[in-house]
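Enquirer: I'd like to go over a predicted model; first the sequence, then the structure.
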Amino acid sequence: MVDRGARVTRNVALPDGWEPKVRAAVAAVRPDLAPGALRPLGAGFESVALLLEPNHPVEPNGPVEPNGPVDTDRLVDTDRGQSYVLRFPRGEDGAEGIACEARLLPELAGLLDVPVPRFAFTAPNPLGPGEFCCYPVVPGESLSEDDWHARGLLDEPAPVRQLAGLIEAIHSFPVKRARELGVPEVDPRAEFTEDLRLVRAEVVPLLPPDQARLLIAAYERYLADDGNFDGPPTLIHADISLDHLLITGTRISGLIDFGDAQIGDPDYDLCFLWPETNRAFVRRLQRERGRPFDARLEGKLRFWELADPATDVLHGIENDLPDVRDEGLTLLSTLLTADR
């Protein structure tokens, strides 16, 4: 199993003075929640998440007036015991993702058999562009790839069966309605053609010549095969990875992080599961879905496995993030060496 590096990190870097800004932004909408305990939860390229846990005084004195002053010593949370996730976009892409989730999830949630984020509110982002979101914690643990393997969850019958149902339900959402809700539509051929141009200019010079040739050849094979682009587009989550599947016991109890949702190639919803799990798991998943696991699908998944770290290298270069660039380059070199 190749170590792909963390798509989400627990090491959350927050700007100086973040806490009073966050509390003020929450208080403007839900003053009853503002005094709760705040702690970093995780971060990705596009957003940073905090956990908000309410205070519970020994001698409460009735509910807080919605527009009145907040006395933290006499606070009663209106949702006693409920913790919340606050997600703050880091850039314009993250802001657009949260805005899209706010429109899509209320309608999509009814099709899914497990809980997903249900936004309590969105409000102006005090740490960056757009709006941040607040939603009750979705039940379950977010486990690392290693934990999934160590606990034997890939071999349990429930997760693969549940995951198959989730993917099928997401893909069944009417594309026309997704467009009406402003879900972005991507053209994979156009996107990866542009990526190839950038890879030639920015990534190839960082690789040994033999690895560079393999990488360019992988892009060219994928782009030249019309069959890779024949299928009708569907709504896709576009970021189904093991850490986004919340676990309780041996069952999936939640699915999170719909910020990359788009209309695109339905096979792309397997692209992160492919390197995180194993070939047998993806084959079982396809069987549960009543879908083929054939040479074309495997070829697409192997290409996307290479394209993902190449994209990370580009992201690191564009945003002056040397750690992201170097981690992507190391993984890409490892994969290309194994491929050779």
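Expert: Received, thanks. Residues are numbered from 1 along each chain as shown.
Enquirer: Please make it C-alpha for all contacts and neighbour counts, starting now.
Expert: Noted.
Enquirer: Flag every buried residue along stretch 298-316.
Expert: 298, 300-316 (16 or more other C-alpha atoms under 10 Å).
Enquirer: Go ahead and name everything in contact with that stretch.
Expert: 195, 198-199, 202-203, 215, 218-219, 222, 228, 268, 270-272, 274-275, 321-329, 331-332, 335-336 (C-alpha atoms under 8 Å, 6 or more residues apart in numbering).
Enquirer: any idea how far that stretch is from the chain center?
Expert: Mean C-alpha position of stretch 298-316 versus that of the full chain (C-alpha atoms, centre = their mean, to the nearest Å) differs by 16 Å.
Enquirer: again, but for stretch 174-190
Expert: 18 Å.
Enquirer: CA atoms only for it, dumped as PDB, please.
Expert: In PDB, the C-alpha atoms belonging to stretch 174-190 read as follows (Å, rounded to 0.1, in the frame of the first residue of the first chain):
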ATOM      1  CA  PRO A 174     -31.100  14.500 -11.100                       C
ATOM      2  CA  VAL A 175     -28.400  16.200 -13.100                       C
ATOM      3  CA  LYS A 176     -30.800  18.900 -14.200                       C
ATOM      4  CA  ARG A 177     -31.600  19.800 -10.600                       C
ATOM      5  CA  ALA A 178     -27.900  19.800  -9.700                       C
ATOM      6  CA  ARG A 179     -27.300  22.300 -12.400                       C
ATOM      7  CA  GLU A 180     -30.200  24.400 -11.100                       C
ATOM      8  CA  LEU A 181     -28.600  24.400  -7.700                       C
ATOM      9  CA  GLY A 182     -25.300  25.700  -9.200                       C
ATOM     10  CA  VAL A 183     -23.300  22.500  -8.900                       C
ATOM     11  CA  PRO A 184     -20.200  23.000 -11.100                       C
ATOM     12  CA  GLU A 185     -19.900  20.800 -14.200                       C
ATOM     13  CA  VAL A 186     -16.500  19.700 -15.300                       C
ATOM     14  CA  ASP A 187     -15.200  18.500 -18.600                       C
ATOM     15  CA  PRO A 188     -12.500  15.900 -17.600                       C
ATOM     16  CA  ARG A 189     -10.800  15.900 -21.000                       C
ATOM     17  CA  ALA A 190     -10.500  19.700 -21.000                       C
END
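Enquirer: for the record, mean pLDDT for the helix ranked longest in the chain?
Expert: Counting residues, the longest helix in the chain under DSSP state H turns out to be helix 295-318. Mean pLDDT, helix 295-318: 97.
Enquirer: Need the CA coordinates for it. PDB is fine.
Expert: What follows is helix 295-318, C-alpha atoms only, in PDB (Å, rounded to 0.1, in the frame of the first residue of the first chain):
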ATOM      1  CA  ALA A 295      -9.600  -2.900 -17.900                       C
ATOM      2  CA  ARG A 296     -10.900   0.600 -18.800                       C
ATOM      3  CA  LEU A 297     -11.900   1.400 -15.200                       C
ATOM      4  CA  GLU A 298      -8.600   0.100 -13.800                       C
ATOM      5  CA  GLY A 299      -6.700   2.200 -16.400                       C
ATOM      6  CA  LYS A 300      -8.600   5.300 -15.400                       C
ATOM      7  CA  LEU A 301      -8.000   4.700 -11.700                       C
ATOM      8  CA  ARG A 302      -4.300   4.100 -12.300                       C
ATOM      9  CA  PHE A 303      -4.000   7.400 -14.200                       C
ATOM     10  CA  TRP A 304      -5.900   9.300 -11.500                       C
ATOM     11  CA  GLU A 305      -3.600   7.800  -8.900                       C
ATOM     12  CA  LEU A 306      -0.700   9.500 -10.700                       C
ATOM     13  CA  ALA A 307      -2.600  12.700 -11.600                       C
ATOM     14  CA  ASP A 308      -3.600  13.400  -7.900                       C
ATOM     15  CA  PRO A 309       0.000  13.900  -6.600                       C
ATOM     16  CA  ALA A 310       0.900  15.800  -9.800                       C
ATOM     17  CA  THR A 311      -1.900  18.200  -9.100                       C
ATOM     18  CA  ASP A 312      -0.600  18.500  -5.500                       C
ATOM     19  CA  VAL A 313       2.800  19.500  -6.900                       C
ATOM     20  CA  LEU A 314       1.200  22.100  -9.000                       C
ATOM     21  CA  HIS A 315      -0.900  23.400  -6.100                       C
ATOM     22  CA  GLY A 316       2.200  23.600  -4.000                       C
ATOM     23  CA  ILE A 317       4.100  25.600  -6.600                       C
ATOM     24  CA  GLU A 318       1.200  28.000  -7.400                       C
END
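Enquirer: can you give me how far stretch 275-292 is from the chain middle?
Expert: Stretch 275-292 sits 20 Å away from the centroid of its parent chain (C-alpha atoms, centre = their mean).
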